[in-house]
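**Student:** okay, sequence plus prediction incoming.
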Amino acid sequence: MKKTSAFISGFFICSVSVGFSSTETGSKLSYDKSLHQIKSDDGRSFLKFDERDEGNASYYFDYFGGKPSVVHDSNSLDSYSVFSVIERDDINFRINCIGNPPEKPVCS
């Protein structure tokens, strides 16, 4: 649980480096590995994100229930995965919900 809390806290801190857009909502999000950015399909918003594999823990972009997510996998004695479903509103990225497989995310 401590790792999950640290990951979520780190994700919120990372969201400070968000590029802003002034219009259009509901853009699709994807990850550009070469630029290390989660970005909207219109190209006007991005979130700096570095995928990492640290042995027992890894952090990467993926889809959970068809929704763009940041994933934290832990392969230690008590293995787990946590998906933080992200979306963009008018100008900001936000975490819509947090889930763990095999459940589908319950998002607003």
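**Tutor:** Yep, that arrived. Bear in mind that the values here come from a model prediction, so they are computed numbers and not experimental data.
**Student:** quick check: pLDDT value at residue 100.
**Tutor:** Residue 100 carries a pLDDT score of 73 in this model.
**Student:** same check on residue 52?
**Tutor:** Looking at residue 52, its pLDDT reads 94.
**Student:** bridging residues for the closest residue to it other than its chain neighbours?
**Tutor:** Computed as Cβ to Cβ, 6 or more residues apart in numbering, the closest residue to residue 52 that is not its neighbour in sequence is residue 59, at 4.8 Å. No exception for glycine: its C-beta is placed from N, CA and C like everyone else's. Note on residue 59: beta-bridge partners by DSSP bridges are residue 52, residue 72.
**Student:** show me what contacts residue 59?
**Tutor:** Residues counted as contacts of residue 59 (Cβ atoms under 8 Å, 6 or more residues apart in numbering) are 7, 50, 51, 52, 70, 71, 72, 73.
**Student:** what pLDDT is listed against it?
**Tutor:** Note on residue 59: pLDDT of 94.
**Student:** now it: how far from residue 38?
**Tutor:** As judged by Cβ to Cβ, to the nearest Å, residue 59 and residue 38 stand 12 Å apart.
**Student:** what's the overlap in contacts for these two?
**Tutor:** With Cβ under 8 Å, 6+ apart, residue 59 and residue 38 have common neighbours residue 70.
**Student:** what residues sit buried inside the helix or strand harbouring residue 97?
**Tutor:** Element membership of residue 97, judged by DSSP states H and E, is strand 93-99. Using 16 or more other Cβ atoms under 10 Å as the test for burial, strand 93-99 gives 93, 95, 96, 97, 98, 99.
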